[in-house]
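below is the structure, and that's it, no one-letter string:
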Ligand SMILES: [Fe+2]
């Protein structure tokens, strides 16, 4: 009886995995080559890189348009790097990466790729709908005694958000940082996060990101913006193995603290999302809540990188600037009638030195951020770009956004507010190109976790005008 049952289970599994319909070729899938993740990273210009995370011993083949087949390259092989001693958490353990990361640059002009039994549409050159998420992970952090109920889909809703966002069929997904939150073991008395994976190795990445994000990873290419949780001394090793836009190398892996002054500062780059619009991605992961002195090495790094942003910002008509930390935003408050400034003082000290009038280079029309676990859309009478904060995609809410900010209020220095909208619940956002408008005209929509639109903002010429739906 037992043998018979086992055989039926085996046969059913084999049958389900053997023949992949809709593909130009058949693949035999086994437990070891079923991938852990398949996704595309959109990088500089219009370059896109297909990535596969797998427990298989070798990288799979990818076939472009059903014809040209190539073996994917190894990006990062399985390893357990030496334990870093600089964790901010009392419990620390070696980060076990028992998976192989493979990659292949998307061939020019192809329509689709077949890899590990999946057919994936090629990235689009003209992006019309963007899904935006940030701060998605489930917080488990002993140093703050903060343990989110990762086992409760209502209290950690990233899986629901990923499903709702994928149903909107985006052309591109942007994650504005802080993907990994499971830094400490769940206390034994806490049922909300009981038996949850933790640490900086693959198991925690799988639970915190790859598993819940699966439908959204399959929906479109992603732009990944690095958050402070992906700093080298935290989850930086996984960041480089899986998500960084550049080639992986031991020097830029976060494995050795002596290389952090390089690995913690990714060069800014631009992503073309159409003939008239581009994103500029800025790695703010090592900024500080305090202003930098001008002799601080980070000040020098960011100043140089900001000059590069200025150069990039002159290349296209409409520029969306992406950094995890906001410069113009409000911090979560204990009550919704409180107004607390939340702009990152470290970035403001650098950006304000180079661009005292508007904090950003002239070409930047919209600045988009995460880090604050709220939704905020702020427009200014002054020349500052519209500031969007979208850090409410799963990690525990930390308080309220101010319900009302009177028109004419000053956010920081001379940034005079013209229009303000906010939401303190979980959700995500889309940006839709306005077909009849100019390159700067987009429609921002904020959704609940289940995909119900609740706020819409017209974005035009660096201003946002919002209304509740
Ligand atoms: Fe953050």
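Done, it's in. Because the structure is predicted, anything quoted here is derived from the model rather than measured.

which stretches of this structure have low pLDDT?
Within the chain, the segments meeting pLDDT under 70 span 1-33.

let's see that with 90 instead.
1-34, 46, 87-90, 107-108, 275, 313-318, 335-342, 398, 403-414, 435-440 (pLDDT under 90).

around the ion, pick out the residues from it.
178, 227-228, 371 (C-beta under 5 Å from the ion). C-beta here means a position set from N, CA and C on the backbone, and glycine is covered the same way.

may I ask which of those residues has the most neighbours?
residue 227 (31 neighbours; other C-beta atoms under 10 Å).

for this structure, which residue gets nearest to the ion?
Residue of the chain nearest the ion, by C-beta to the ion: residue 371 (3.8 Å).

residue 303 contacts residue 350, correct?
Yes. At 5.6 Å, residue 303 and residue 350 qualify as touching, with contact defined as C-beta atoms under 8 Å.

which one of those two has more residues nearby?
Neighbours per residue (other C-beta under 10 Å) separate residue 303 from residue 350, with residue 350 holding more: 27 against 16.

what secondary structure does the more buried one sit in?
On the three-state scheme (DSSP: H, G, I helix; E, B strand; the rest coil), residue 350 is labelled helix.

what's the closest non-adjacent residue to it?
In this structure, residue 350 finds its nearest non-sequential neighbour in residue 302, 4.4 Å apart by C-beta to C-beta, 6 or more residues apart in numbering.

gap between the helix or strand hosting that neighbour and the chain center?
Secondary structure from DSSP states H and E places residue 302 in helix 297-313. Its chain's C-alpha centre and that of helix 297-313 lie 21 Å apart, by C-alpha atoms, centre = their mean, to the nearest Å.

each with direction, which strands does the following helix or strand past it pair with?
With elements assigned by DSSP H and E, the helix or strand that comes after helix 297-313 is strand 318-323. Here strand 318-323 is paired, per DSSP bridges, with strand 277-282 (parallel), strand 364-369 (parallel).

looking at those, which is nearest to residue 333?
strand 364-369 (17.8 Å; C-beta to C-beta).

show me the helices in this structure, by range?
Assigned by DSSP state H, the helices in the chain fall at 2-18, 158-166, 202-205, 211-219, 236-242, 260-263, 297-313, 345-354.

what's the second one packed up against?
Read that as helix 158-166. Judged by 3 or more C-beta pairs under 8 Å, 6 or more residues apart in numbering; DSSP states H and E, helix 158-166 is in contact with strand 129-133, helix 211-219, strand 428-433.

tell me what angle that helix forms with helix 211-219.
10 degrees (axes from the mean of the first three to the mean of the last three C-alpha atoms, to 10 degrees).

next, the angle from helix 158-166 to strand 129-133.
Going by the same axes, to 10 degrees, helix 158-166 makes 170 degrees with strand 129-133.

can you start the count at 10 instead of 1 from here on
Got it, first residue is 10 now, which makes that one helix 167-175.

other residues contacting helix 167-175?
Defining contact as C-beta atoms under 8 Å, 6 or more residues apart in numbering, one finds that helix 167-175 is touched by 140, 142, 145-147, 162, 182, 220-225, 227-228, 402-403, 435-437, 439, 456, 458-460.

which of the residues you listed count as buried?
Neighbour-count burial within the contacts of helix 167-175 applies to 140, 142, 145-147, 182, 221-223, 225, 228, 402-403, 435-437, 439, 456, 458, 460; the criterion is 16 or more other C-beta atoms under 10 Å.
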